[in-house]
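> below are the sequence and a predicted model for it; my questions follow.
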Amino acid sequence: MHDMALQGGFAEAPTQSARAFRAVLNALARPGTIETLVGAQPPAPASIAAGVALLTLADATTPVHLAGAHDTPDLRDWLTFHTGAPLVGAAEAVFALGTWVALAPITRFAMGSPEYPDRSATLIVEMPALHPAGARLTGPGIRDTAHLNLPDIAALRANAADFPLGRDFLFCAGDRLAALPRSTQVEAV
Amino acid sequence: MNDYTFAYLDEQTKRMIRRAILKGVAIPGYQVPFASREMPMPYGWGTGGVQVTAACLTPEDVLKVIDQGADDTTNAVSIRKFFQRTAGVAVTEATVEASLIQTRHRIPEAPLTEAQILVYQVPIPEPLRFLEPREVETRRMHALEDYGLMHVKLYEDIARHGEIATAYAYPVKVEGRYVMDPSPIPKFDNPKLSDSPALQLFGAGREQRIYALPPYTRVVSLDFDDHPFVASKADHACDLCGAGDTYLDEVIIDDAGGRMFVCSDTDHCGSRRRAGHVGRLGVPGKEVA
């Protein structure tokens, strides 16, 4: 373990995680809304927003999958030190972190069961940038329509078609975060 | 500052509750199990709502707590003081000033906004529980969308009473999928559940369930074509502020059958009286400081 694994966590966890959670909650409750997260500095290639989301939500009870280029010793050490989350394969993961290409196919991840649709994975997807443009979003949390640049409309449509089963998504770019729950209908414009 | 961690609960507990809230938001109307904690108040006093509020509060929030619409009843006062002491947040009795409102059995009369979260205290989250006591069965019924039993119950109401007699905790269907118990709010409040700009979160402490209605979610009260849902209220105007469109409490005022009807929402009634509205028994400009 390197010293850098010990750095970059919350300085004042109760209030920082509270503010971060409210931002994530608002993003998920209003799909397409872009929030700003601050307070953590994870090792590259993880974004600030992804690091803050994991510090806020992950702990020893939530297995995490690091996909592709995000599966680095530095990030493993950082996540283990700050959250204690077990690092696992895709099928067992409660949270997964990576680029869309590294995470695909998303059908590898848990979608819950008809009795317990909440037992599904939340995928934290690293994006080059987030814009309120692109795919048209409708559904719960959206008054009329919202727009968000999504990586793969076909896969996300298939995910929404499985409702109430399915995975939920947090999209991160730098310190910005947007979310897409399984309940959102996605259409190409 | 005080000797409590922010908002009382430890971080591990808050993370667990926060994860449950997020899954609840992603699956509107579905009851997410969570590991409810012992709180320093008895079950039945809103421990579910308190835990959801504790997981959502930020230091910048302005908290309002109501019990049956009133800010000044025991339950509301004790929960408000609890968070003043353990989270140091600002509190208010004005609906329009609050960013987070914890409620027992009412939705405020004033329209909610996108900047607000409404947290409900829920005693029995399972709408099918009194029809089917087995959790395994009700869970399967939700999985299979098997809600025929609920319609039988409403039909039996009509057969017995000539109308749907359920007056509170009136079951709703969320986005055409899950049948949900809106907590024991009067059915007068049911229309406000649907298409609300505010996020609505429901916490049941003893029953260990959290569920949610994201903003602008379609919520339909169950009914029949020939017996449509009616959001009924007492057929009076408020005796203090004169409002004819609010939910009313009936108050017995003597032992000779005298009674008055007053708004259950004390903040709404008070602001109307401050604005000069006077009801049948109200006194202009005297009763509100």
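That came in fine, so what should we check first?
> strands along the chain, start to end?
I'll assume chain A. A:35-36, A:64-66, A:95-99, A:122-126, A:135-138, A:146-148, A:168-173, A:176-180, A:185-187 (DSSP state E).
> the intended chain is chain B.
With strands called from DSSP E, chain B shows them at B:32-33, B:62-67, B:90-91, B:100-104, B:117-121, B:172-174, B:178-180, B:199-204, B:209-213, B:219-221, B:248-252, B:259-263.
> give me the sheet partners of the fifth one and which way each runs.
Same thing as strand B:117-121. Strand pairing for strand B:117-121, determined by DSSP bridges: strand B:100-104 (parallel), strand B:199-204 (parallel).
> which of those strands is buried the deepest?
Among the strands paired with strand B:117-121, strand B:199-204 has the highest mean neighbour count (mean count of other CB atoms under 10 Å in any protein chain shown), at a mean of 28. In this view, the C-beta of every residue, glycine as well, is placed from N, C-alpha and C.
> what's the offset of the top helix by length along chain A from the middle of its chain?
Secondary structure of chain A per DSSP state H: the longest helix is helix A:13-29. Distance of helix A:13-29 from the chain centroid (CA atoms, centre = their mean, to the nearest Å) equals 13 Å.
> for the chain, which residues score under the pLDDT cut-off?
Here I'm looking at chain A. Across chain A, the ranges flagged by pLDDT under 70 are A:1-2.
> that's the other chain; I wanted chain B
Across chain B, the ranges flagged by pLDDT under 70 are B:1-2, B:284-289.
> buried set for stretch A:49-61?
Residues of stretch A:49-61 classed as buried: A:Ala49, A:Ala50, A:Gly51, A:Val52, A:Ala53, A:Leu54, A:Leu55, A:Thr56, A:Leu57, A:Ala58, A:Asp59 (neighbour count, 16 or more other CB atoms under 10 Å in any protein chain shown).
> A:Ala102: neighbouring residues, count only.
16 (other CB atoms under 10 Å in any protein chain shown).
> for it, list the residues it contacts.
Residues in contact with A:Ala102 (CB atoms under 8 Å, 6 or more residues apart in numbering or on different chains) are A:Ala67, A:Gly68, A:Ala69, A:His70.
> got TSV for those, with neighbour count too?
Shown next, in TSV, are those (neighbours: other CB atoms under 10 Å in any protein chain shown):
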residue	neighbour count
A:Ala67	23
A:Gly68	15
A:Ala69	15
A:His70	24
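> find the nearest non-adjacent residue to residue 94, please.
This is for chain A. A:Thr62 (4.1 Å; CB to CB, 6 or more residues apart in numbering or on different chains).
> that's the other chain; I wanted chain B
Nearest residue to B:Ala94, sequence neighbours excluded (CB to CB, 6+ apart): B:Asp267, at 5.8 Å.
> I'd guessed B:Val122 sits against B:Leu201; true?
No - using CB atoms under 8 Å as the test, B:Val122 is too far from B:Leu201 to be in contact (10.0 Å).
> what's the overlap in contacts for these two?
The contact sets of B:Val122 and B:Leu201 do not overlap (CB under 8 Å, 6+ apart).
> would you check that B:Val65 makes contact with B:Asp71?
Yes - counting by CB under 8 Å, B:Val65 touches B:Asp71, with 7.0 Å between them.
> got a list of what the residue lying closest to B:Glu109 once chain neighbours are set aside touches?
Nearest residue to B:Glu109 in three dimensions, chain neighbours excluded: B:His268, at 4.0 Å (CB to CB, 6+ apart). B:His268 makes contact with B:Thr95, B:Pro108, B:Glu109, B:Ala110, B:Ala243, B:Thr246, according to CB under 8 Å, 6+ apart.
> determine which two of these are furthest apart.
B:Thr95 and B:Ala243 (14.4 Å; CB to CB).
> rewinding a little: tabulate the strands of chain A (a markdown table), appending distance to B:Tyr178.
Shown next, in a markdown table, are the strands of chain A (distance: least, CB to CB, whole Å):
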| stretch | distance to B:Tyr178 |
| --- | --- |
| strand A:35-36 | 27 |
| strand A:64-66 | 29 |
| strand A:95-99 | 25 |
| strand A:122-126 | 20 |
| strand A:135-138 | 19 |
| strand A:146-148 | 23 |
| strand A:168-173 | 16 |
| strand A:176-180 | 20 |
| strand A:185-187 | 17 |
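> wait, which of those strands is closest to B:His236?
strand A:135-138 (41.4 Å).
> give me the contact list for that closest one.
Contacting residues not belonging to strand A:135-138 are listed as A:31-32, A:144-150, A:153, A:156, A:180, A:184-189 [CB under 8 Å, 6+ apart].
> please apply the same query to stretch B:31-46.
A:116, A:118, B:9, B:13, B:16-17, B:20-21, B:23-24, B:47-48, B:50-51, B:75, B:78-79, B:82, B:102, B:104, B:121, B:123, B:125-126, B:142, B:204-211.
> again, only using 6 Å
The contact list for stretch B:31-46, computed with CB atoms under 6 Å, 6 or more residues apart in numbering or on different chains, reads A:118, B:13, B:16-17, B:20, B:23-24, B:47, B:50, B:79, B:104, B:121, B:125, B:205-206, B:208-211.
> also stretch A:28-42?
Outside stretch A:28-42, the residues touching it (CB under 6 Å, 6+ apart) are A:8, A:10, A:16, A:20, A:23, A:27, A:49, A:51-52, A:55, A:78, A:130, A:137, A:141-142, A:146, A:148, A:175-181, A:184, B:22, B:25, B:199, B:214.
> 7 Å - rerun?
A:7-10, A:16, A:20, A:23, A:26-27, A:48-53, A:55, A:75, A:78, A:130, A:132, A:137, A:141-142, A:146-148, A:175-181, A:184, B:22, B:25-26, B:199, B:214-215 (CB atoms under 7 Å, 6 or more residues apart in numbering or on different chains).
> equivalent analysis for stretch A:16-25, please.
The contact list for stretch A:16-25, computed with CB under 7 Å, 6+ apart, reads A:10, A:35-37, A:39, A:52-53, A:55-56, A:170, A:177, A:179, B:6-7, B:11, B:18, B:21-22, B:25, B:56-58.
> just these: which are in helices?
Judged by DSSP H, the subset of those located in helices is A:Val52, A:Ala53, A:Leu55, A:Thr56, B:Glu11, B:Arg18, B:Ile21, B:Leu22, B:Val25, B:Cys56.
> and of those residues, the nearest to A:Ala90?
Among those, and counting by CB to CB, the member closest to A:Ala90 is A:Ala53, at 18.2 Å.
> chain B versus the closest one, what's the distance?
Applying CB to the nearest CB, to the nearest Å, one obtains 10 Å for the distance of A:Ala53 from chain B.
> for that residue, what are its contacts?
A:Val24, A:Leu37, A:Ile124, A:Leu170, A:Leu177.
> what does A:Met111 give?
By CB under 7 Å, 6+ apart, the residues touching A:Met111 are A:Ser120, A:Asp162, A:Leu165, A:Gly166, A:Arg167.
> any quick PyMOL command for the buried ones out of those residues?
Buried members of those, defined by 16+ other CB under 10 Å, are picked up in PyMOL with:
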select buried, chain A and resi 120+165+166+167
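> quick one: the contacts of A:Met111 as TSV, columns for distance to B:Pro42 too.
Converted to TSV, the contacts of A:Met111 look like this (distance: CB to CB, whole Å):
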residue	distance to B:Pro42
A:Ser120	34
A:Asp162	41
A:Leu165	37
A:Gly166	38
A:Arg167	38
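> any idea how far B:Leu144 lies from chain A?
Distance of B:Leu144 to chain A, computed by CB to the nearest CB: 7 Å.
> cool, B:Arg106 as well?
Here the criterion is CB to the nearest CB. By it, B:Arg106 lies 22 Å from chain A.
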